[in-house]
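In: dropping a prediction and its sequence here:
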Amino acid sequence: MHKNWLPFDGTVNYYGQLWTEDEADIYLNRLLKNIAWRNDELIMFGKRIVTKRKVGWYGEKPFKYTYSNTTKQALPWTEELMELKAKIEKKSGETFNSCLLNLYHSGEEGMGWHTDAEPELKKDGAIASLSFGANRKFVFRHIENKEKVELILEHGSLLIMKNTTQTFWQHTLPKTKKVTSPRINLTFRTIVE
């Protein structure tokens, strides 16, 4: 049984590295090359903002996914994504039908506080977060009492957030000048039609 990193109001299990350094390097390079990376676009305060961070959205159907007031349509699974999905489904006992990928070119790119609780997502469903590339700090903050929980997400590692985590906890990938190499984060999700 994997430890729950949250003290209450949710479940976060960190499985650590599921791949050797060499295997993880191979996946990092394949994903860098084979994913249709696009700069993310957000609408904030009525203005269109294009991020340095790049994203990809994939799924078993051309699912539409809306966040930050923009909508994406899923591309069909790639071979790498199918392999990774099979491994994490076996490891976690969960199932997923879509994946949002983020490419952070260095520690100067991060993600602010947010929850993954969009209406398209299965309520209280599992979200599997796979990391390839640079080790990065990942922080949870309780929405009401502001208690924080920090982890380091390693190259080739798996983190699962489930149950009421998205209702009660925000998460962030803080920026850091210490990290100069890229990180790819894959978040496998379940879209409900």
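Out: Thanks, I have it.
In: please, where are all the helices along this protein?
Out: 21-34, 79-92, 165-168 (DSSP state H).
In: W113 versus the residue of the chain most remote from its centre, what's the distance?
Out: Distance from the C-alpha centroid of the chain, by C-alpha atoms, centre = their mean, peaks at G46 (25.8 Å). Per C-beta to C-beta, to the nearest Å, G46 is found 21 Å from W113. C-beta here means a position set from N, CA and C on the backbone, and glycine is covered the same way.
In: which residues of the protein fall in strands?
Out: 11-17, 38-44, 47-59, 64-67, 70-73, 75-76, 98-104, 111-114, 127-133, 136-142, 148-153, 157-162, 169-173, 183-189 (DSSP state E).
In: the fourth one packs against which elements?
Out: So that's strand 64-67. The contact analysis (3 or more C-beta pairs under 8 Å, 6 or more residues apart in numbering; DSSP states H and E) places strand 64-67 against strand 70-73.
In: just checking: what are the partner strands of the strand it packs on?
Out: Taking DSSP bridges as the criterion, strand 70-73 sits next to strand 64-67 (antiparallel) in its sheet.
In: quick one: the partner strand to chain centroid distance?
Out: Offset of strand 64-67 from its chain centre (C-alpha atoms, centre = their mean, to the nearest Å): 15 Å.
In: keeping just the C-alphas, turn stretch 111-119 into PDB.
Out: Below are the C-alpha coordinates for stretch 111-119, written out as PDB (Å, rounded to 0.1, in the frame of the first residue of the first chain):
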ATOM      1  CA  MET A 111       2.500  26.400 -13.200                       C
ATOM      2  CA  GLY A 112       0.600  28.600 -10.800                       C
ATOM      3  CA  TRP A 113      -1.800  27.300  -8.100                       C
ATOM      4  CA  HIS A 114      -4.700  25.500  -9.600                       C
ATOM      5  CA  THR A 115      -7.000  22.400  -9.300                       C
ATOM      6  CA  ASP A 116      -7.800  20.000 -12.100                       C
ATOM      7  CA  ALA A 117     -11.500  20.000 -11.500                       C
ATOM      8  CA  GLU A 118     -12.900  21.000 -14.900                       C
ATOM      9  CA  PRO A 119     -16.500  19.800 -15.600                       C
END
